[in-house]
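Student: Just a sequence and a predicted model for now, questions to come.
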Amino acid sequence: MKAVLDACVLYPSVLREILIGVAGQGLYSPLWSARILGEWQRATVKLGPEAAAIAAGEIASLRAAWPEAEIPPNAELEARLWLPDPADTHVLATAITGGADRIITLNLRDFPQRCLAPENLQAQSPDDFLMDLWLGNSNPVETVLRAVQARTETLSGRNQPLRALLKRARLPRLGKAVG
């Protein structure tokens, strides 16, 4: 299965680490475009110049670890597509060009099923996506969750209960299921 990761699910560190970690376990293949990565980096600017520099480093690491994940732009395809928010058509074009099955996003209303169905795509929240993966094969998902929890505890210097951590990462159903 291939899934395009929208910028809004790449920007929060914990959510990104979980999604990429689960991909690393072989449960799906992540896809993105240079524009999606650029949106993520621009979103960090509000946190200060050091945050943008950290994002640039994380983007470089993602590109190195997943060189096949970056889908080139397809302006012709993008021009024929329609979504309620025209600024999101590049995400849909990335999904179509990359042969994705779904778009993982927190902005589900921007990707209505009536627009995605003709392309054999669906939009899914990261919570629903990860819940489906966990229900299908819980061990690799839980391995990733524990690793991200441990890393977060190390970086923060304090205990991070898993359910609360997942709730803050906008994964409340998954947190309830595994927490």
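Tutor: Now that the structure is in, tell me what you want to look at. Quick caveat, the model's predicted, so the values are computed rather than measured.
Student: drop to CA atoms for contacts and neighbour counts, all remaining ones
Tutor: Fine.
Student: Tell me which other helices or strands the longest helix seen in the chain touches.
Tutor: Longest helix of the chain, by residue count under DSSP state H: helix 138-156. With contacts taken as 3 or more C-alpha pairs under 8 Å, 6 or more residues apart in numbering; DSSP states H and E, helix 138-156 sits against helix 13-24, helix 126-136, helix 162-168.
Student: most packed of the ones you listed?
Tutor: When these are scored by mean count of other C-alpha atoms under 10 Å, the highest mean neighbour count falls to helix 13-24 (a mean of 20).
Student: And that one, what does it pack against?
Tutor: helix 7-10, strand 29-31, helix 138-156.
Student: Outside of the last one itself, which residues are in contact with it?
Tutor: Spelled out, it's helix 138-156. Residues outside helix 138-156 that contact it (C-alpha atoms under 8 Å, 6 or more residues apart in numbering) are 14, 17-18, 21-22, 25, 130, 133-134, 159-162, 165, 178.
Student: Relative to the whole chain's centre, how far out is that helix?
Tutor: 17 Å (C-alpha atoms, centre = their mean, to the nearest Å).
Student: Could you do the second one as well?
Tutor: Distance of strand 29-31 from the chain centroid (C-alpha atoms, centre = their mean) equals 9 Å.
Student: same question, stretch 69-80
Tutor: On C-alpha atoms, centre = their mean, the centre of stretch 69-80 falls 19 Å from that of its chain.
Student: Likewise for stretch 81-91?
Tutor: Centre to centre, stretch against its chain (C-alpha atoms, centre = their mean), the figure for stretch 81-91 is 18 Å.
Student: How about stretch 41-49?
Tutor: The chain centroid and the centroid of stretch 41-49 are separated by 18 Å, computed with C-alpha atoms, centre = their mean.
Student: quick revisit: what would the helices and strands packed on helix 13-24 look like in CSV with distance to residue 75?
Tutor: As requested, those are arranged in CSV below (distance: least, C-alpha to C-alpha, whole Å):
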stretch, distance to residue 75
helix 7-10, 19
strand 29-31, 17
helix 138-156, 36
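Student: Out of these, which is closest to residue 102?
Tutor: strand 29-31 (10.0 Å; C-alpha to C-alpha).
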